[in-house]
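*Asks:* The sequence isn't on hand, but the structure is:
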């Protein structure tokens, strides 16, 4: 059976948030000031209170990291993935990925996280492809802007549709595993929506839609 299974990264494949791991390591390695680290935590708290749009957080953190060179960020991502993120992969997700592959599916990361992290994790998990945010590079430094927009909300849906068309899949052929209300545009579009530890808003919708809900510790 030929189909495709997409997986969100933060709080879906991972038990944690790759962006938070990134700023912690960036501060520890001298690439991010204490003031900006504290600001990132404040923004994250405001997001949880539904006061601050997560897209603005993504934009701000990307701008902060633009001060570092590409080589510094790549080295940082090696360290983050090895020390922080691989240990945080959900065992249940590994089983889901294996199950889909055994059934002949393509397995793909579909995330707003940066490419340097997603590509490393996809390689570790032996996934087929990655759709994510790709930072623009200018003079061997990230500019703080994405190449084609951040892969978030409606843009995530656009990228997924492009992948489906290029690889001759339909929406009915697609699965998507995700945790956040921000993933709703994609979840509403695919033939098989799967919610992993969904947030309160998403859980309410998932129950109404009779979507699969996994609660994994």
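*Replies:* In hand now; what should we look at? From a predicted model like this one, the values you see are computed outputs, not experimental measurements.

*Asks:* For the chain, which segments count as strands?
*Replies:* Ranges of strands in the chain, per DSSP state E, are 4-7, 106-114, 129-133, 135-138, 141-146, 174-178, 192-196, 212-214.

*Asks:* Between those strands, which one is closest to residue 30.
*Replies:* strand 141-146 (16.2 Å; CB to CB). Placement of C-beta: from N, CA and C, glycine included.

*Asks:* will you turn the strands of the chain into CSV that also has mean neighbour count, mean pLDDT and distance to residue 206?
*Replies:* Shown next, in CSV, are the strands of the chain (neighbours: other CB atoms under 10 Å; pLDDT from 0 to 100; distance: least, CB to CB, whole Å):
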stretch, mean neighbour count, mean pLDDT, distance to residue 206
strand 4-7, 25, 98, 16
strand 106-114, 24, 96, 18
strand 129-133, 20, 96, 22
strand 135-138, 15, 82, 32
strand 141-146, 18, 76, 29
strand 174-178, 25, 98, 10
strand 192-196, 22, 98, 5
strand 212-214, 14, 98, 5
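
*Asks:* Format those strands as CSV; extra columns: distance to residue 186.
*Replies:* Putting those into CSV (distance: least, CB to CB, whole Å) gives the following:
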stretch, distance to residue 186
strand 4-7, 7
strand 106-114, 7
strand 129-133, 10
strand 135-138, 22
strand 141-146, 18
strand 174-178, 5
strand 192-196, 8
strand 212-214, 15
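
*Asks:* Let me know which of the ones you listed is the nearest to residue 85.
*Replies:* Across these, residue 85 has its closest neighbour in strand 106-114 (9.8 Å, CB to CB).

*Asks:* What strands flank the closest one, and is each parallel or antiparallel?
*Replies:* Partner strands for strand 106-114, per DSSP bridges, with pairing direction: strand 4-7 (parallel), strand 129-133 (parallel).

*Asks:* what comes up buried for the top helix by length along the chain?
*Replies:* Looking across the chain with DSSP state H, the single longest helix is helix 34-48. For helix 34-48, burial by neighbour count (16 or more other CB atoms under 10 Å) applies to 36, 37, 39, 40, 43, 44.

*Asks:* So the last one is in contact with residue 20, correct?
*Replies:* It stands for residue 44. Yes: using CB atoms under 8 Å, residue 44 makes contact with residue 20 at a distance of 7.0 Å.

*Asks:* Adding distance to residue 189, write the strands paired with strand 106-114 out as a markdown table.
*Replies:* Shown next, in a markdown table, are the strands paired with strand 106-114 (distance: least, CB to CB, whole Å):
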| stretch | distance to residue 189 |
| --- | --- |
| strand 4-7 | 11 |
| strand 129-133 | 14 |
